[in-house]
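Chemist: Sequence and predicted model, in that order:
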Amino acid sequence: MTSGIHHITLITRKVQPNVDFYAGFLGLRLVKRTGGYEDATQLHLFYGDAVGSPGSLVSFLVWEDGAPGRVGHGQPSEIAFAIEPTSIGFWLTRALQQQIPMSGPTQEFGEPVLRLKDPDGVIVKLVGTNDIEGSTPWTSRDISAQDAIRRLRGATILTEKPQETAAFIERHFGFEETAATDSIRRMTSASKDIIDVRDASGFWTSAPGTGTIDHIAFRATDEAAVKAVRNTLENEGAGDTAAHDRKYFYSLYVREPGGSLFELATDAPGVLVDEPEDTLGTELFIPAHFQSDKSDVRVTLPQFAMPGEPRMTARDLPFTHRLKQPENPDGTTLILLHGTGGNETSLLQLGTQIAPDATLLSLRGRSLDEGFPASSGA
């Protein structure tokens, strides 16, 4: 089995701050933008190294204006990226300059660690380590190859069943326990990726939503390896499993004994299967089973600008809305007001058909959706 972590998937509430943090501040490359496989109207973004290598990837399901989740046991709580140990000072200075919430640096298992918070409040650790080899970091004007993020270092999982969780990771995904503290078991793969299994006994349970980590995906060599693990899980009575062809990888989903969702994903075919390296991450892809509705699907997805690109000024309006700007705006604005049971995306397709070059402002109704009374009464 190929060793280590393939990708980690999180949920974000606002796409633009997410892009600004992961592509702008952290300097990762946006390597793939797609519609969701179950719901094409949900934007899914992948960030990674220069070529989108397995092991470098962190992805986000965009739940625009979605309800916040709750971090608790039965869920990962932190993600970690690997950097050169000598680059901690660079990232400390950069975080201070850009007013990124942070703490540290501290020492964890003999490594310098700087803790940051992303725009959704997820803890992102930058870990100084010499264990990572063969990376192809993405560089930018203000982040050199020396200081750039190498790849994922790992994640922390909260569980009320630390012994069972650790044994599950070791048995099915090729990690082994290499160190421990009073509350953490450190699991390490042959490729030096780490999973910290933290005992969260007595802590509250997790709840899905924005600002949480949805799942951790481990690496598999090929589809046959995924199917072999699935057979082992089923023979073991490990619970429900689900396998899917995600175009860029074939994968299997299962929950470990403590409740966290795991995925096993193949390295191939990879993110370069439908885009060349020089333009990687620039095109929006819609899953094949939604292709017949491609034009309508695209207009419902939230827009964003990459760092340095022109963008609309963001305004903190006191209501949920979606602002959609066409490629060639004609200077007009069409305001869309839906009826009961709709939301801010319901009329975007119709609005585009009525006025293709108008800016669309679609509002979510407030009388019921946000707890406002339908009338003041007498």
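Modeler: Yep, it's here.
Chemist: Find the nearest non-adjacent residue to residue 270, please.
Modeler: residue 248 (6.1 Å; CB to CB, 6 or more residues apart in numbering). For every residue, glycine as well, the C-beta is placed using N, CA and C.
Chemist: list the contacts for that neighbour?
Modeler: Residues counted as contacts of residue 248 (CB atoms under 8 Å, 6 or more residues apart in numbering) are 32, 269-271, 273.
Chemist: For residue 277, give its distance to residue 226.
Modeler: Separation of residue 277 from residue 226 (CB to CB, to the nearest Å): 26 Å.
Chemist: The residue lying closest to residue 354 once chain neighbours are set aside: neighbouring residues, count only.
Modeler: Nearest residue to residue 354, sequence neighbours excluded (CB to CB, 6+ apart): residue 334, at 6.7 Å. Using other CB atoms under 10 Å, the number of residues around residue 334 comes to 16.
Chemist: Show me which of residue 277 and residue 226 is the more surrounded one.
Modeler: For residue 277 versus residue 226, neighbours defined as other CB under 10 Å are more numerous around residue 226 (21 against 11).
Chemist: ok, residues contacting the helix or strand containing that one?
Modeler: In the assignment (DSSP states H and E), residue 226 maps to helix 223-236. Identification of contacts with helix 223-236 by CB under 8 Å, 6+ apart yields 1-2, 172, 220, 239, 241, 243, 250-252, 254, 264-266.
Chemist: Quick check: beta-bridge partners of the closest residue to residue 32 other than its chain neighbours?
Modeler: Closest residue to residue 32 apart from its sequence neighbours, by CB to CB, 6+ apart: residue 46 at 3.9 Å. Per DSSP bridges, the residues bridged to residue 46 are residue 32, residue 59.
Chemist: which ones are touching residue 46?
Modeler: 7, 30-34, 52, 57-59, 271, 281.
Chemist: And for residue 160?
Modeler: Neighbouring residues of residue 160 by CB under 8 Å, 6+ apart: 73-74, 199-201, 203, 258.
Chemist: Cross these against strands and list the overlap.
Modeler: Applying DSSP state E to the contacts of residue 160, the entries found in strands are residue 199.
Chemist: looking at the protein, which helix or strand is least sure?
Modeler: Counting by mean pLDDT, DSSP states H and E, the weakest-scoring helix or strand in the chain turns out to be helix 294-300, with a mean of 73.
Chemist: chain center to it, what's the gap?
Modeler: 22 Å (CA atoms, centre = their mean, to the nearest Å).
Chemist: heads up, I number from 20, so please use that
Modeler: With 20 as the first residue, the last one maps to helix 313-319.
Chemist: Need the contact partners of it.
Modeler: Applying CB under 8 Å, 6+ apart, the contact partners of helix 313-319 are 54, 59-60, 303, 305, 309, 343, 364, 367-368, 371.
Chemist: Residue 54 against residue 304, yeah?
Modeler: Yes: if you go by CB atoms under 8 Å, residue 54 and residue 304 touch, sitting 7.3 Å apart.
Chemist: Please identify which of these two sits among more neighbours.
Modeler: Per other CB under 10 Å, whichever of residue 54 and residue 304 has more neighbours is residue 54, with 22 against 16.
Chemist: What residues of stretch 49-66 count as buried?
Modeler: By neighbour count on 16 or more other CB atoms under 10 Å, the buried set for stretch 49-66 is 49-56, 59-66.
Chemist: What of stretch 154-163?
Modeler: Residues of stretch 154-163 classed as buried by neighbour count (16+ other CB under 10 Å): 154-157, 162.
Chemist: Does residue 348 lie in a helix or a strand, and which?
Modeler: Going by DSSP H and E, residue 348 is not in any helix or strand.
Chemist: and the closest residue to it other than its chain neighbours, what is it in contact with?
Modeler: Using CB to CB, 6+ apart and skipping the chain neighbours, the partner closest in space to residue 348 is residue 378 (5.5 Å). The contact partners of residue 378, taken as CB under 8 Å, 6+ apart, are 342-345, 348, 351-353.
Chemist: So residue 189 lies in a strand, does it not?
Modeler: No: assignment of residue 189 by DSSP: H, G, I helix; E, B strand; the rest coil gives helix, placing it outside any strand.
Chemist: What count of nearby residues applies to it?
Modeler: 15.
Chemist: Quickly list what the nearest residue to it once chain neighbours are set aside is bridged to.
Modeler: With CB to CB, 6+ apart as the criterion, residue 189 has its nearest non-adjacent residue at 5.6 Å, and that residue is residue 195. Assessed by DSSP bridges, residue 195 has beta-bridge partners residue 207.
Chemist: can you check residue 136 too?
Modeler: With DSSP bridges as the criterion, residue 136 is bridged to residue 142.
Chemist: Please apply the same query to residue 217.
Modeler: Here residue 217, judged by DSSP bridges, has bridge partners residue 177, residue 203.
Chemist: quick one: which helix or strand includes the residue nearest to residue 43 when sequence neighbours are not counted?
Modeler: Leaving aside its sequence neighbours, residue 43 sits nearest to residue 326 (CB to CB, 6+ apart; 3.9 Å). For residue 326, there is no host helix or strand (DSSP H and E).
Chemist: list the contacts for residue 326?
Modeler: 38-39, 42-43.
Chemist: same thing but 7 Å
Modeler: Contact analysis of residue 326 by CB atoms under 7 Å, 6 or more residues apart in numbering lists 39, 42-43.
Chemist: so which of those comes closest to residue 114?
Modeler: Lowest distance from residue 114 to the contacts of residue 326 (CB to CB) belongs to residue 43, with 12.7 Å.
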